[in-house]
Structures are given as structure tokens and as C-alpha cells.
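>>> Can you look at this prediction? I've put the sequence above it.
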Amino acid sequence: MPSIFSRIVAGELPAYKVAEDEHHLAFLDITPLVEGHTLVIPKREVDYIFDLPPAELAALHLFAQRVAAGVRAAVPCKRVGVAVIGLEVPHAHIHLIPMHNVSDMNFANPKIKVGEQRMNALAAAIGAQVPAVVAGTPEMPADPRDTKGGRETVQASEPDAFQAPAPNAAAPDDAAPEPLRDLTQGLKYVSESEASLEPVSFAAPAGGLTDEALAKLAGVPAGTSVERQELTYFLRNHTADEGVSGSPETANRFKQLQMFLKQELSGTQVYRFGAGPQVPVLVLGEGEGGRLQGFKTVLTET
């Protein structure tokens, strides 16, 4: 009996396809550990990956290398993890898993639910970033994002160089790191209205994060009251299973953002300024070189 993967190859079953050539296929795992979790298979059904002849095994890994470049370019992550388990489906396959930490590769973790619309968007985004093959050899750019699609994605997410900061704000003196820009892109904090999350990066104030220094960073008048709040509490309604928006996909994105802020930055804290109805918010932690990184948004409280 053909494996479920062979039935996908034959077109008998649907799949969120990412990339394909004559001998290989890559598609999204429908029970992923994280968004962008991708499976790479040989089209020829072989149960145990190390039963593949050496040339076929090498070709499979070269194909996986190109797909991993696409995953890394399209999905915010530090690395793309690689795993071969081979117990669930009797058809050789490689797992490519976007990861920020080793724990992201733990197959004992609960699988996440990703909606059809988001899966289609992920498959298209990854597929657009997979480098082309030239003369039978994978054309791997020095940076996995160095593809036409990758350059367009980065350019589209770059802040407008001519956009002036708020009059009283301390202008970020460096662009926020790319993972943070990717993680916040399109997200909105929902209170009594919606407000976008805008990634920020500041040099740490010489005198530390006093209320006066924080007010300057937020662009609010000196003397504005500052309330400190824990990140998990601040995002609790957005990281619930379906989130305040009712969208599991959006809730998963807020969970990924929360994980990045807590694990990749140190001392991450939420700062609320004033009492409303419009409450500016800064979320800041310390990143590489002591820089302050995070995002800003606005709450509406009437």
C-alpha cells in the first residue's frame, strides 16, 4: 500500500506544497511544532532514509538545503533545525523546523493548529524564497535572504527613511533587528481600539531607565506617570488559544513574539505612560551590545 506521502506525490491527497523538482517534494507539516515546519521527501518511496543510495541521499539533502534557505528567509527564526525521525510514516523524510531555541525541536511538544489561509500563505512565502538551481547545482546565496523575493520582503518591511519621529520622542538610532520586525509585522494590539506594534531599537540611556528617560524614549512629556507591567500579563488576551481576535494564527504569532522578547532579550518590561484615554506603551528588553529593543503601541482606555 502506498504511503501517505506517495499519495501526495501522486496527487491523490492535497498538500501545502513549498517546492518540487523531478525527484523531490517539500510541503508543510499539517501537525507542525511551529509555523513553517516543513517536510522534505524523495518522490521515490523508501522507508528508511539511510537505505537510499548515496547519490540519492546526497541529492535529497541538497534539495533540503535549498528549501531550508526559503524557510529561513520567510519565517522569523535564528536557525532552521533539521531532524530525521522516520517512525510515523514509512517514507523517508526530513523535518525542517524554524527555531529560536533547542526546545523548539522537541517532538514531545504539543502540536499547534494553523488555519488553512495561514498555511497557504506560509507555503507561498517559503516557496517564493527557495533559491533556484543553476546547471544542476543548488545556487545558494551567501545570505539565505539574498533572493529577489527576500530582497523585496526586507525592503517592504524597512521603516520609511523619511518618516519623522514624534516631536518629543528619542529617535531610534538603529533599525530594530530583522526578527523583531518580522515578528511584529501586521500585528495589532486590541484594547478599545486597535493599534499596530511598531518595532524599536534605542541606545540605553546613560543614567538607566529612569521615568524621565523612559518618557523621552516614548515621546511623552517629562513627569508623565510610568506604570510597569509584566509582559505575559500584558499580552495575556492576545496569546490565549484563539486570542482576543478569535484567530489561532494571530494568537500563535503573539506567542512567538512573546517568546522572542523573553528569551532573546533580558529584563523585558512593559511601560505604560499616563492614564488615558490614549496610553502610549513601550515594551523594552536588553539585546546585544546593551541596546534596548522591543516595540511601541497605544492603548485606548475610556
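Cool, the structure landed.
>>> quick one: the strands in the protein?
17-20, 24-28, 38-42, 79-83, 94-99, 133-134, 137-138, 188-190, 194-196, 198-202, 226-229, 266-273, 278-286, 292-300 (DSSP state E).
>>> Which of these has the lowest mean pLDDT?
Among the strands of the chain, strand 137-138 carries the lowest mean pLDDT, at a mean of 42.
>>> Stretch 235-249: end-to-end distance?
15 Å (C-alpha to C-alpha, to the nearest Å).
>>> Can you tell me what sits against it?
When contacts are defined by C-beta atoms under 8 Å, 6 or more residues apart in numbering, stretch 235-249 is touched by residues 35, 112-115, 117-118, 189-190, 232, 250-251, 254-255, 257-258. To be clear about C-beta, it is placed using only N, CA and C from the backbone, and glycine gets the same treatment.
>>> Let me see the contact set for the residue nearest to A213 when sequence neighbours are not counted.
Once flanking residues are discounted, A213 sits nearest to P205: 3.9 Å by C-beta to C-beta, 6 or more residues apart in numbering. Residues in contact with P205 (C-beta under 8 Å, 6+ apart) are 213, 216-217.
>>> So which of these are in helices?
213, 216-217 (DSSP state H).
>>> Highest neighbour count among these?
L217 (23 neighbours; other C-beta atoms under 10 Å).
>>> measure R291 to A204 for me?
Using C-beta to C-beta, to the nearest Å, R291 is found at 7 Å from A204.
>>> what do you get for V34?
For V34, the distance to A204 - C-beta to C-beta - is 31 Å.
>>> Between these two, point out the one with more neighbours.
Legend: neighbour count by other C-beta under 10 Å for V34 and A204, higher for V34 (23 against 16).
>>> quick one, phi psi at the more buried one?
For V34, the backbone dihedrals (degrees, to the nearest 10) come out as phi -140, psi 170.
>>> so what's it up against?
Per C-beta under 8 Å, 6+ apart, neighbours of V34: 97-99, 104, 112, 256.
>>> what does I94 give?
Shown in contact with I94 (C-beta under 8 Å, 6+ apart): 39-41, 49, 60-61, 64, 82-84.
>>> cool, T268 as well?
Contacts of T268 (C-beta under 8 Å, 6+ apart): 231, 261-262, 283-285, 294.
>>> Same check on L28?
So L28 contacts 15-16, 18, 36-39, 119, 122-123, 126 (C-beta under 8 Å, 6+ apart).
>>> from what I can see D182 touches K78, true?
No: the pair D182 / K78 is not scored as a contact, 11.8 Å apart, by C-beta atoms under 8 Å.
>>> out of those two, which sits in the busier spot?
Neighbours were counted for D182 and for K78 using other C-beta under 10 Å; D182 has more, 22 against 14.
>>> Which residue is the nearest non-sequential neighbour of the more buried one?
In space, and not counting its chain neighbours, D182 is closest to P76: 3.9 Å by C-beta to C-beta, 6+ apart.
>>> OK, contacts around the one you found?
Counting by C-beta under 8 Å, 6+ apart, the residues that P76 touches are 98, 178-179, 182-183, 256, 260.
>>> Then T31?
Here T31 is in contact with K111 (C-beta under 8 Å, 6+ apart).
>>> same thing but at 10 Å, please
37, 88, 110-114 (C-beta atoms under 10 Å, 6 or more residues apart in numbering).
>>> just to revisit the earlier point, give the residues shared as contacts by D182 and K78.
Common neighbours of D182 and K78 are listed as F260 (criterion: C-beta under 10 Å, 6+ apart).
>>> could you flag which of the contacts of P76 are buried?
Listed as buried from those are 98, 179, 182-183, 256, 260; burial here means 16 or more other C-beta atoms under 10 Å.
>>> ok, those vs V298, which is closest?
L183 (18.8 Å; C-beta to C-beta).
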